[in-house]
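Engineer: I'd like to go over a predicted model; first the sequence, then the structure.
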Amino acid sequence: MAELMHDDAVVSSARHDADRAAAASGVAIRELGAVGEHAEAIALLSRIWGRSPENPVVPPELMRALSKAGNYIGGAFVGDRLVGVAIAFHADPERHALYSHIAGIAAESAGRSIGFALKQHQRAWALGRGIDAIEWTFDPLVARNAHFNITKLGARPQEYLSDFYGAMTDGVNSDDETDRLLMRWELRDAGVVLRAHGSSAQPETRMPGDRNVAVPPDIEGLRRDDRAAAQRWRFLVREQLTGALDAGGRIVGFDRAEGYIIRPERTTA
């Protein structure tokens with residue numbers, strides 16, 4: 001009974017954090033269950049990713065099946081206007097995690113922390129179902145997403161995935177290899193809880209031997225202006241991060257000016 005009460009308190013606190021984050025962003029967040037809402041979500045995500053109606057980010061029938069099977073489809077609204085979507089499905093039972101496949105915010109609503117509010121809603125949803133972690137991937141060259149995932153949310157990189165999706169035809173990934181970092185967000189971790197409560201993340205304490213792997217400040221702009229330079233960054237960051245992780249190092253933080261903070265494997269004499 002004590003454990004159940006503890007879990008109830010954790011879930012209640014997470015829901016309160018999610019409500020506070022949504023209010024601070026000026027949005028209402030709820031699950032999307034109707035066919036029309038799914039269509040609206042697909043249209044928004046397709047606009048964000050530069051997909052045509054014939055090549056949607058998520059096929060409508062798959063979206064419907066995911067919803068029916070009890071997975072997470074969340075939407076952020078300003079009034080009646082959908083401005084953000086997040087879709088996640090249940091992972092392998094042994095991982096005891098929710099896998100967050102895609103999340104996007106309309107360009108006109110950027111800078112309002114709606115993405116943070118959506119992730120807090122997703123966190124509360126997962127905890128309410130006894131799920132302790134959420135996993136997802138992101139492009140390691142996108143500095144703002146690295147900062148958001150690692151610094152603002154408190155998620156931690158687990159694995160570097162080279163050309164994870166293979167070739168993709170959209171307005172974001174075309175003509176580039178789809179490298180990704182796999183993230184794991186431990187929903188009960190003390191640092192994650194503090195961030196959910198609204199506490200600012202403290203800079204990672206540097207240790208002797210820590211080093212950095214830099215990324216460009218604006219890879220999206222670089223892809224538009226100098227595709228060859230963007231490709232060079234892709235291969236350089238891939239080589240440095242895979243080398244560090246394969247040698248037993250860990251990515252323990254992200255610095256806007258210096259990039260990923262790598263902590264090498266500690267050995268004892």
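Structural biologist: That came through, no problem. Bear in mind that the values here come from a model prediction, so they are computed numbers and not experimental data.

Engineer: So Tyr99 is in contact with Ala86, correct?
Structural biologist: No. Applying CB atoms under 8 Å as the test, Tyr99 and Ala86 come out as separate, 11.7 Å apart. Heads up, the C-betas are built off the backbone N, CA and C, glycines and all.

Engineer: More neighbours: the two, which one.
Structural biologist: Using other CB atoms under 10 Å as the criterion, Tyr99 and Ala86 rank with Ala86 on top: 26 against 19.

Engineer: How confident was the prediction at the more buried one?
Structural biologist: At Ala86 the predicted local confidence, pLDDT, stands at 98.

Engineer: Secondary structure element holding it?
Structural biologist: Counting by DSSP states H and E, the element that carries Ala86 is strand 81-90.

Engineer: ditto for Val10
Structural biologist: Assignment of secondary structure by DSSP H and E places Val10 within helix 2-25.

Engineer: And Ala117, by the same measure?
Structural biologist: Secondary structure (DSSP H and E) places Ala117 in helix 114-127.

Engineer: what bits of the stretch 151-269 of the chain have low per-residue confidence?
Structural biologist: Across the stretch 151-269 of the chain, residues meeting the criterion (pLDDT under 70) sit at 169-175, 266-269.

Engineer: returning to what we had before: how about the strand holding Ala86: buried residues?
Structural biologist: Of the residues in strand 81-90, those with enough neighbours to count as buried (16 or more other CB atoms under 10 Å) are 82-88, 90.

Engineer: Taking those, tell me the two that lie furthest apart.
Structural biologist: Comparing all pairs in the buried residues of strand 81-90 by CB to CB, the longest separation belongs to Val83 and His90, at 26.0 Å.
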